[in-house]
Each structure stands twice: as C-alpha cells, then as structure tokens.
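*Asks:* When you get a sec, could you give me coordinates for this:
(one chain, ligands or ions: 1)
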Amino acid sequence: MNYNFDEIIDRNNTHSMKWGKYQDRDILPMWVADMDFKAPPPVLKALEQVISHGILGYTHVPDTLSGIVTKRLMRLYGWQVEPESILWTPGVVSALNGACRAFGTRQERIVTTTPIYPPFLSVSDSCGKDLVTLPMTEIQNRSTLDFPGLERTFQEGAALFLFCSPYNPCSTLFTREEILELTELCTQYKVILCSDEIHSDFVLDPENVHIPTASVSPEAGARTVTLMAPSKTFNIPGLGCSFVVIEDPILRDRFRSALKGLVPDVNLMGFAAARAAYEECDDWLEQLIAYLRGNRDMVMERVGQMPGCRINPVKATYLAWIDVRDTGLDDPVKFFEDNGVGLSDGKFFGKEGFVRLNFGCPRSTLVEGLNRMERALKTI
Ligand SMILES: Cc1ncc(COP(=O)(O)O)c(C=O)c1O
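*Replies:* Predicted coordinates for the structure are as follows:
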C-alpha cells in the first residue's frame, strides 16, 4: 500500500499544541516534535475498535504487548530482552523524571549534555537533585560527547547520566565505539545511564542503524534504563504510551517504586495503538522514513544556502538544528515568526543562537516554510 504523506490535514481548532500556538496567525508551526501526518491506518482501525466496543475502563498491559516489543528489539537490533524487563509508562518525560527520583541520593548529582531536549534541563525541579550540564563537542561537522569532559564530571561525582540517542536536537547518530566508551565510563564511575531513545526509529539513511545503549555489552545492559515509545514513530504522541527497558531487577524495582502512586497506567487507547503500530505498520514506517529523508535532503540543501545559517548533516530524527549566529539576529525566533515560520528557540535547549526546525510535515508545507525563511533572511 502507498501512503500519502503529501496530504494536507487542517489541524486548526483541534487543540493541537503545535498549531494552537499560532491560531489565527499566518505562521507555519515547525516547532514542537509531532508530525502533520495521519497515524497509520491499522492504528486508527485499532482505536476505532476500542471506541465501538464503547467501554473505556481501567486496563492491564495486553498479554502479548511486551513480547511484541522484545521481538522487535531482537529483530531490529539483535538486543535480547525478557518481556518482564519492560515497564509501560504514559510518557517518556515522566519516565525520565522517574529515573531521576529513583537513582542516586539527594546529595548526588545528575549529569547531562547541552544543547538538549528541554525537559532534561528541568529534572531538578521534580527530584531536588543538582543537575550538571556539559556542552556537546563538535568534531568535523558533527556534535558528539566530550569524553574527557564527561570523565572529569564523573570524577567529581555523579549518580546518573541522562543520554539522548539519537540526539535531540543535534540529530547525532552515535557509533558503537562512542556508545561503548560512554558505557565503560559509566561502569568505571558507577553511574546509572538513562538513555532516551524515543527517536530510535528515525534513522534517515539506509546504511545506518540505531544502536541501543544497553545492547553494547552485558555491563551496559546491567546499568542502563532505556526509554522508548511508539509515540514519535507512528505520530501518536497525544496518546501517552511509552515503555522503559530495565534489565537489572533491582534497578527495575527502584524505578517502579519511584513512580508508584504518582504516574498513572497507560490507558487502553495507548495500548491498542501501540499493539497495532508494532505489529502491522512496518510498511508505513518504511515509507515514512523515505519521505522524511526527502524532506531532510531539501532542508540540508536550502538551509545550507541561506545567509548566516549553518547546519550539520541531519542523520536522525525529523528535527534540524540550525546555527543562526551569523545572521546577527538578537531574537531569531521572533524574526522568523514575524516572517511566518514558527521554530523552536535554542535557548530552551541550553544554547542561544540556534533554532530547531521540525520537518515532519507534507513537502509543500516544508517548501513554503523554507521559502519564507529564505525571503526573510535576504531582507537583513
Ligand atoms: C528526546 C525526547 N524525549 C521525550 C520526548 C517526549 O516524550 P513523551 O511525550 O512521551 O513524554 C520528546 C519529544 O519531543 C523527545 O524529543
């Protein structure tokens, strides 16, 4: 079956966070990370079945769902995980905060890198522990971890490292060597690793693969908490369904206790959608990635030629991280909004002078957004 990712679907007046921000203004929203595509037909059908049954009660995790996930992890990554290692949560951000509560004492520090998806930067608010941030380093037009800096930070004390792989916002796809080096440092300094891999399905080039952090060695598996979800992949983030993989039973119990009574169970719509997504939507996903690859190529080509803009190769995610410091703009997001494009502001990711563009949209919308950006930049 061929899916029509070119279809324009009006999201105005749907309470969409992405579109509601600019309601009644001629600004194309290219900020928050959801896509302007319909969810795959089997997912919509599964949700229709729940609705037509008509009773929307409390629900257990469907018997087969964790097994469907573990088979998928094996098939995609050769990563062997037992179904009991999977815990379901109504979101990756709540699981991230749960990990911050669960691991380390109040006096111990949490470490992450910048720029980073903004909720990583506010975990102290919910767990009361200090967060230390370390800038990513850039090597040959690619953002990656600053390993010497990370080691120094771990030497000064850390209980937990918050990692994002593939990396939002820089779109880095980490190599096996890099992940091994990270996990070895964590083992050496007894740091628990929380690896947010929500973007793992968005590897844009066929020659590349995502490597789960926990899969690189038994030691990595024993100290890693992996966060994954069908939400970004199948464009169902509003359903609140994600899962956590924790192979070590002691860490798993600690994580479970930290969430108990605070974080609700996933609801039956989320479970129904996840089951259909993982069992019936491989062809949809394959076509989606091919479409996003085309969008990515267009963004690289066009943004690379815009005055004052610099962009590194986008290897994963549907998010482009653009360095606009050479434009000389004081407030680039306001400038682009004034010119009809709504982007995410780098300052919320811990790095000013950058904007993030979400290209998970029909090609014609992307072309219009890029045209508006280009026209605006020529007026500076
Ligand atoms: C790295 C990362 N983690 C988590 C999330 C959000 O996860 P959830 O909606 O399941 O809380 C996002 C959404 O953009 C993200 O980019």
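*Asks:* Is residue 235 in contact with residue 34, as I believe?
*Replies:* Yes. Here residue 235 reaches residue 34: they are 6.4 Å apart, a contact under C-beta atoms under 8 Å. Bear in mind the C-beta positions are built from the backbone N, C-alpha and C, glycine included.
*Asks:* Touching both of these two, which residues are there?
*Replies:* Common neighbours of residue 235 and residue 34, counting by C-beta atoms under 8 Å, 6 or more residues apart in numbering, are residue 360.
*Asks:* And the chain, split by domain according to the record?
*Replies:* In terms of domains, the chain is parsed into 17-39+282-377, 49-280 (source: automatic domain parsing).
*Asks:* Switch the ones you listed over to JSON lines; also include distance to the ligand.
*Replies:* Shown next, in JSON lines, are the domains of the chain (distance: least, C-beta to the nearest ligand atom, whole Å):
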{"stretch": "domain 17-39+282-377", "distance to the ligand": "4"}
{"stretch": "domain 49-280", "distance to the ligand": "3"}
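*Asks:* In CSV, list those domains along with mean neighbour count.
*Replies:* Below are the domains of the chain laid out as CSV (neighbours: other C-beta atoms under 10 Å):
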stretch, mean neighbour count
domain 17-39+282-377, 18
domain 49-280, 19
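*Asks:* Let me have the ones you listed in CSV, adding distance to residue 3 and mean pLDDT as columns.
*Replies:* Shown next, in CSV, are those (distance: least, C-beta to C-beta, whole Å; pLDDT from 0 to 100):
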stretch, distance to residue 3, mean pLDDT
domain 17-39+282-377, 5, 98
domain 49-280, 12, 97
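*Asks:* As TSV, those with distance to residue 1 would be great.
*Replies:* Below are these laid out as TSV (distance: least, C-beta to C-beta, whole Å):
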stretch	distance to residue 1
domain 17-39+282-377	7
domain 49-280	11
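*Asks:* Residue 10 is nearest to which of those domains?
*Replies:* domain 17-39+282-377 (8.8 Å; C-beta to C-beta).
*Asks:* I'd say residue 92 and residue 198 touch.
*Replies:* Yes. When contacts are counted by C-beta under 8 Å, residue 92 is listed as touching residue 198 (5.0 Å).
*Asks:* what do these two both touch?
*Replies:* 227, 228, 229, 231, 242.
*Asks:* Tell me which entries of those residues lie within strands.
*Replies:* 227, 228, 242 (DSSP state E).
*Asks:* show me what contacts the first one?
*Replies:* Which is residue 227. Contacts of residue 227 (C-beta under 8 Å, 6+ apart): 92, 95, 96, 99, 194, 195, 196, 197, 198, 242, 243, 244.
*Asks:* got a list of what the fourth one touches?
*Replies:* Applying C-beta under 8 Å, 6+ apart, we find residue 99 in contact with 160, 162, 192, 194, 225, 227, 255, 258.
*Asks:* same check, this time on the second one
*Replies:* For residue 95, the contact set (C-beta under 8 Å, 6+ apart) comprises 89, 225, 227, 242, 244, 259.
*Asks:* Fine, thanks again, bye for now.
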